[in-house]
Every structure is written in structure tokens, then in C-alpha cells.
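*Asks:* model this:
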Amino acid sequence: MSDSAHNGHALANPAPDYGFGLGMSACLRAQAEHEPRTWFQSLRGVSPLSPEANDLYPHGVGELESAVALAALGSDWMVAHADDEQDQSIGADHLVLGPAGAFLVCSRRHPGDRIVNAGRMILVNGHRVAYVREASARADQLSEAFTLLGAADVAVRPIVALTGAIDLIRGRAKAPVPVLALGELAGWLIRHEAVYSRAQVAALAPVAGRLTGWHVRPAITSSSVRLTARFERLRTEVDAARRRYRLWIVLGAAVALAATVTMLAFAIPAIIALISG
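*Replies:* Prediction:
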């Protein structure tokens, strides 16, 4: 690591979260202005979300999933979020710095999709996506940016992290870029051999904070914990309402089927008697 990276500075106070968490916050604000459901609406499985909160909800879920995965890294890791990151309901890019090194995490959401990974190829429901190429290119850009800031020996390695897929099949071809389920990310990083000491990570954090388009914060902050806990409670309510609604659909179908069978049981003998008579 270069002299400028080893400047001896202690880890600075965490920067504001900027874009991170805006989706969860906006959804919670919209929901706070919404009248609670009646007990009958709750029984029927009516969604607790207001129309405005419903539009923001997928964005918030994406942020929540990323926050939970990154928080699992613990206090030895620093996390940077891209200013220009795309809608969190689709995915986002994160830079993580810790004992195992520097990594660009390209997280992508695919709720209910089937994904196949073999080498450089990632197929989502049979359609090829360029996540490996995109992650590699952006990691190279970040490595060059660190060099320009005086940290020439920082090599940012790319990772593709997927969430929401109902199936992730890995082929035999070795992938040049790790392709993980988002829930595997923290364990995968923590298991890696340490290449930086805690002091080195602390020295690199302010360097990363000078990267154009990125903002650094600890993997865990009290404000982010409170925000994710509030949104998690809302998500629990939404999931419960969806399960209750699906149950009513199943019960309705069962009642309709029973009514049809009963009607046929009475109608068929009458029809047979009419025909035979």
C-alpha cells in the first residue's frame, strides 16, 4: 500500500447514507400517512400498503436485502454505495473494504426467476445477461481510481450477488467472477484469508471516501439498524397479508369445486332419468 494510503489517520466519522435507504425511508413515510386497515380488511388479506407506498415497496425491499447482507460483515468492514446506483428494486453496486481486500459487489434482484451460471455466462430464465462483464469492467475502473488517489496496490475484485431467484444452478465451467446468492456474500468474504490489517482498512477508508461517485459508511450504523428494523416490520405485515390472501383464494376455489361437485351429484341423476324416460 502506498504512503498516501498509510497516512496514519484513524477511521473518520461515518458519512451520511446519501442515496442508501432512501427507498425504505420514502416507503415508510408514505405508509405513515395511510390509515390502518380495519380488522375485516386484515382478515381478508388486504395489503397494508397505501398506493404510494406500494410503488416504493420493491425499491425498499432491494435496499433491505442489501443492508442485511452487508451488515453481516461486521465492524471490520467498510461499505461504499454508488451515487449513480440504479433502482434498488433491480439491484445496486457496493464497494466493500475489509481484511480480505477490496471488492465490487454487483447485486441484482431476480424475484422468482431461474438462473444458470456457467463460466462467464449467466442466464436468467434462458436469457443471457452481461453481469460478469459489467462487474469486471467497473472493478477495473475502481482499481484505476484507487491508483490515481495514491493507493496503487489496491486491486478491486468483482463479485456478482443475486437475490430472489427460486433456483441458482452452477455449471462445471469455472467462473472468472464469483457468482453468489446475496445471502452467501458475507460468509464468502469472511472466510477469505486476510490481506489487510484493521489499521490498513482504516487507512484505506478515507481514500475510498474520495472516490468520485461513492460514499463510504460502516457496514453497521445505529441509524441503518433502526431503519431496516422498521422496514422489516412492514415487510412482515405485507408478507402475512399476501399469505392470508392466497389462503382465501385457495379456500374460495375449494368451495367452488365442492359446490360444482354437489350440483353435478344432483343434476346427473336427473339428466339420466330425463334421457331414459
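*Asks:* for the stretch 151-277 of the chain, what spans make up the strands?
*Replies:* 156-163, 167-170, 179-181, 214-218 (DSSP state E, counting those that start in this stretch).
*Asks:* where in the stretch 1-150 of the chain is pLDDT low?
*Replies:* Along the stretch 1-150 of the chain, the parts satisfying pLDDT under 70 run over 1-20, 84-91.
*Asks:* The stretch 51-200 of the chain: helices as residue ranges?
*Replies:* 51-71, 131-148, 185-191, 198-209 (DSSP state H, counting those that start in this stretch).
*Asks:* which parts of the last one are buried?
*Replies:* Within helix 198-209, the residues that count as buried by 16 or more other Cβ atoms under 10 Å are Q200, V201, A202, A203, L204, A205, P206, V207, A208, G209. For glycine as for every other residue, the C-beta is placed from the backbone atoms N, C-alpha and C.
*Asks:* could you say what helices and strands that helix packs with?
*Replies:* strand 78-82, strand 91-98, strand 214-218 (3 or more Cβ pairs under 8 Å, 6 or more residues apart in numbering; DSSP states H and E).
*Asks:* Turn those strands into CSV, including distance to A259 and mean neighbour count.
*Replies:* As requested, the helices and strands packed on helix 198-209 are exported to CSV (distance: least, Cβ to Cβ, whole Å; neighbours: other Cβ atoms under 10 Å):
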stretch, distance to A259, mean neighbour count
strand 78-82, 55, 24
strand 91-98, 46, 24
strand 214-218, 58, 21
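*Asks:* Adding distance to A32, write the ones you listed out as TSV.
*Replies:* Converted to TSV, the helices and strands packed on helix 198-209 look like this (distance: least, Cβ to Cβ, whole Å):
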stretch	distance to A32
strand 78-82	25
strand 91-98	25
strand 214-218	25
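*Asks:* between those strands, which one is nearest to A186?
*Replies:* strand 91-98 (9.6 Å; Cβ to Cβ).
*Asks:* could you say what helices and strands that closest one packs with?
*Replies:* helix 51-71, strand 78-82, strand 101-109, helix 198-209.
*Asks:* Same list (the strands of the stretch 151-277 of the chain) but as TSV, adding mean pLDDT.
*Replies:* Formatted as TSV, the strands of the stretch 151-277 of the chain follow (pLDDT from 0 to 100):
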stretch	mean pLDDT
strand 156-163	92
strand 167-170	86
strand 179-181	90
strand 214-218	69
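*Asks:* among those strands, which is nearest A241?
*Replies:* strand 156-163 (21.8 Å).
*Asks:* Next, the residues that contact the closest one from outside, please.
*Replies:* 65, 69, 95, 101-110, 115, 122, 131-132, 135-136, 138-140, 142-143, 146, 168, 177-185, 188 (Cβ atoms under 8 Å, 6 or more residues apart in numbering).
*Asks:* Selecting buried members of those residues in ChimeraX, what would you type?
*Replies:* Remark: buried members of those, expressed as a ChimeraX selection using 16+ other Cβ under 10 Å:
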select :65,69,95,101,102,103,104,105,106,107,108,109,110,115,122,131,132,135,136,138,139,142,143,146,168,177,178,179,180,182,185
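*Asks:* If we ignore the residues flanking it in sequence, what's nearest the residue nearest the centre of the chain?
*Replies:* Geometric centre of the chain, nearest residue: E65, 3.6 Å, by Cα atoms, centre = their mean. In space, E65 comes closest to T163 once its chain neighbours are excluded; the distance is 5.2 Å by Cβ to Cβ, 6 or more residues apart in numbering.
*Asks:* separation between the one you found and L189?
*Replies:* Counting by Cβ to Cβ, to the nearest Å, the separation of T163 from L189 is 16 Å.
*Asks:* Check R157 too.
*Replies:* Note on R157: its distance to L189, by Cβ to Cβ, is 10 Å.
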